[in-house]
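Enquirer: Using only what follows, build the 3D model:
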Amino acid sequence: MPENETAEVADLHALAGAMAAESERFLETVTQVAAGGHPDLAISLLLLALSDLSAAGARLGAVTDVVPPQRFEPDDGEEPDADPLRLGLANVFEGLDEYREVPDPLVDNVSVSGMLSADVAEVALALRRGLIHHRAGNVIEALWWWQFSYLSNWGDRAAAALRALLSVLSHVRLDVPADVAADAQFDALHADGEA
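Expert: Below is the predicted model of the structure:
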């Protein structure tokens, strides 16, 4: 094998290892949130987890297409079930789960309904499937799956969920009654004048 091919394979294996680690962290966080382990921190934890995962996904989008050695996806185990995770997240996001989005801002001009719980569960399902390949030793297949599903599905779902969570957080932190905001502005202006 030529030296440049060896370096390329090593780079792909390193990227797959990083993606596997990021997938594990994301799944651990999402599972804890769905179980109700951190109800007061659920939005913040998922905001951080989706942000980190989106950065890892961007690396997948930035590299050239990964081509697996086989022309078929090996059967590395049973397809994971996303329903328990989705239902747990739906309980956590009760009253906040549904949001509006534009599916493809380049070609669509109408909004559709989305569900945070469904989006996060869908992302988790795609990551788990890649982890199954990775754990079975099919590293390039795992990387191919993560890249393909990032570009075709989970990257978009993660971005939509991230945007919805940021919107929720913004409303929680910034939607204050006018009199409270005026008092805070008054106090801030007078505190600066006293210094």
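Enquirer: Would you tell me what the next helix or strand after the helix or strand hosting residue 31 is?
Expert: For residue 31, the host element (DSSP states H and E) is helix 3-34. Scanning forward in sequence from helix 3-34 by DSSP H and E, the next helix or strand is helix 42-62.
Enquirer: just to revisit the earlier point, who are the packing partners of the helix holding residue 31?
Expert: In this structure, helix 3-34 makes packing contacts with helix 42-62, helix 83-92, helix 116-135, helix 139-149, judged by 3 or more Cβ pairs under 8 Å, 6 or more residues apart in numbering; DSSP states H and E. For every residue, glycine as well, the C-beta is placed using N, CA and C.
Enquirer: Where does pLDDT dip in the chain?
Expert: 1-5, 71-77, 80, 176-178, 180-182, 184-185, 188, 191-195 (pLDDT under 70).
Enquirer: go again using 80 as the cut-off
Expert: Low-confidence segments of the chain, defined by pLDDT under 80: 1-5, 8-9, 68-82, 103-105, 108, 171-195.
Enquirer: Let me have the helices and strands packed on helix 3-34 in TSV, adding distance to residue 160 and mean neighbour count as columns.
Expert: Shown next, in TSV, are the helices and strands packed on helix 3-34 (distance: least, Cβ to Cβ, whole Å; neighbours: other Cβ atoms under 10 Å):
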stretch	distance to residue 160	mean neighbour count
helix 42-62	10	17
helix 83-92	14	18
helix 116-135	6	23
helix 139-149	15	23
